[in-house]
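Participant: From the sequence below, what's the structure:
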Amino acid sequence: MSGLKKVVLGSRGSKLACAQTQLVERALRTEYPQLEIETKIIRTSGDVRCAIVENAKAKGSQAGSMSHGRKGLFTREIERALELGAIDVAVHSAKDLPSEATPGLEVRGALPRGSMDDVLITKCSGGWKALPARATVGTGSVRRDYQLRSHRGDLVIAGLRGNVSTRLRKLAEQDWDAIVLARAGLERLGFDLSRGEILFESARFYIEALPVDNFVPAGGQGIIALQVRRDGGGTRGLVDAINHGETLLCLRAEREFLRLLQGDCDSPVGVFARITGSEMEMRAQLFEPPSLMARTALVERPLAGINPEQLAADLMDRMHGG
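Facilitator: Prediction:
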């Protein structure tokens with residue numbers, strides 16, 4: 001542990017971010033029972049903008065959209081605190097991180113990946129097949145927007161922002177048929193999805209997992225990423241001790257693909273890597289607006305000696321017909 005007696009974790013203040021940081025703390029305590037662990041909550045510009053939008057809507061006024069230019073909105077202030085030494089380890093939802101690495105910082109580790117798939121949450125049972133003609137589905141993701149409409153061109157897509165509770169509450173209150181959320185976030189907040197339904201406040205919702213081969217998730221979805229300073233010394237060793245190697249390999253591949261593509265969380269692109277037995281597979285789905293026809297590509301390589309960045313480059317070549 002290189003003599004470290006204390007480590008400071010940096011996180012957003014949402015319930016989901018705090019739940020994820022608690023998982024990191026638990027992992028560290030398992031490895032280092034005597035380590036003092038402090039968590040600093042950092043309000044990001046994305047959190048501020050969400051609050052402004054929600055407050056304006058509550059008052060019935062208009063607020064600027066968060067549909068564009070979101071790269072780094074939920075990570076920039078946390079990274080700045082890491083650069084300044086105010087925190088030792090930044091805890092991120094990996095899909096929020098820009099694909100370009102911040103100089104002086106590195107994504108050093110990851111906890112075991114949660115579910116990577118999206119789920120359709122509906123007011124009525126029957127899932128996707130039971131959605132009526134011109135059903136309204138809420139999402140704040142351009143990727144999900146294109147995926148949904150590519151399968152059902154009649155769907156009406158409604159903009160959806162806010163934390164998980166806010167989004168579920170909007171489904172209950174609005175005249176909408178469904179919303180789409182990440183499964184991992186729901187599970188980390190304690191929702192049991194095994195029965196195909198959940199209770200939220202006074203509402204009952206029905207859950208259907210969307211197949212990842214058709215609804216390809218965002219790069220990094222389901223991954224808790226751990227970022228440190230490159231000169232972090234003993235802190236890097238702490239992160240190494242709780243790092244899940246296979247998850248980090250997949251994250252490296254996904255981030256490199258997005259970097260090569262110059263994509264971020266507002267691009268209509270999905271990409272995931274996964275390890276099955278002795279193989280590593282990587283799949284991507286790319287929309288070129290306004291077309292709803294997606295380009296897709298898949299590569300598989302032996303896991304032994306794998307270079308995840310090269311795997312991403314191979315997938316990019318395949319995507320462009322190479």
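
Participant: hey, let's count contacts and neighbours off CA atoms from now on
Facilitator: OK.

Participant: so where is the stretch 1-150 of the chain shaky, pLDDT-wise?
Facilitator: For the stretch 1-150 of the chain, the stretches flagged by pLDDT under 70 are 1-3, 46-71.

Participant: now the helices: where do they sit in it?
Facilitator: Ranges of helices within the stretch 1-150 of the chain are 15-31, 45-58, 76-84, 142-151, based on DSSP state H, counting those that start in this stretch.

Participant: So which elements touch the shortest one?
Facilitator: Just to be clear, that refers to helix 76-84. strand 6-11, strand 89-93, strand 224-229 (3 or more CA pairs under 8 Å, 6 or more residues apart in numbering; DSSP states H and E).

Participant: ok, 6 Å please
Facilitator: The helices and strands touching helix 76-84, judged by 3 or more CA pairs under 6 Å, 6 or more residues apart in numbering; DSSP states H and E, number zero.

Participant: buried set for that helix?
Facilitator: 76-79, 81-83 (16 or more other CA atoms under 10 Å).

Participant: Over to stretch 275-293?
Facilitator: Under the neighbour-count criterion of 16+ other CA under 10 Å, stretch 275-293 has 275, 280-287, 292-293 buried.

Participant: Give me the distance between the two termini of that stretch.
Facilitator: End-to-end distance for stretch 275-293, by CA to CA, to the nearest Å: 28 Å.

Participant: what's the most distant pair in the buried residues of stretch 275-293?
Facilitator: For the buried residues of stretch 275-293, the maximum inter-member distance is 29.3 Å, found between Ile275 and Leu292 (CA to CA).

Participant: could I get the buried residues of helix 76-84 as JSON lines with distance to Asp145?
Facilitator: JSON lines is the format used below for the buried residues of helix 76-84 (distance: CA to CA, whole Å):
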{"residue": "Arg76", "distance to Asp145": "26"}
{"residue": "Glu77", "distance to Asp145": "28"}
{"residue": "Ile78", "distance to Asp145": "29"}
{"residue": "Glu79", "distance to Asp145": "29"}
{"residue": "Ala81", "distance to Asp145": "34"}
{"residue": "Leu82", "distance to Asp145": "34"}
{"residue": "Glu83", "distance to Asp145": "35"}
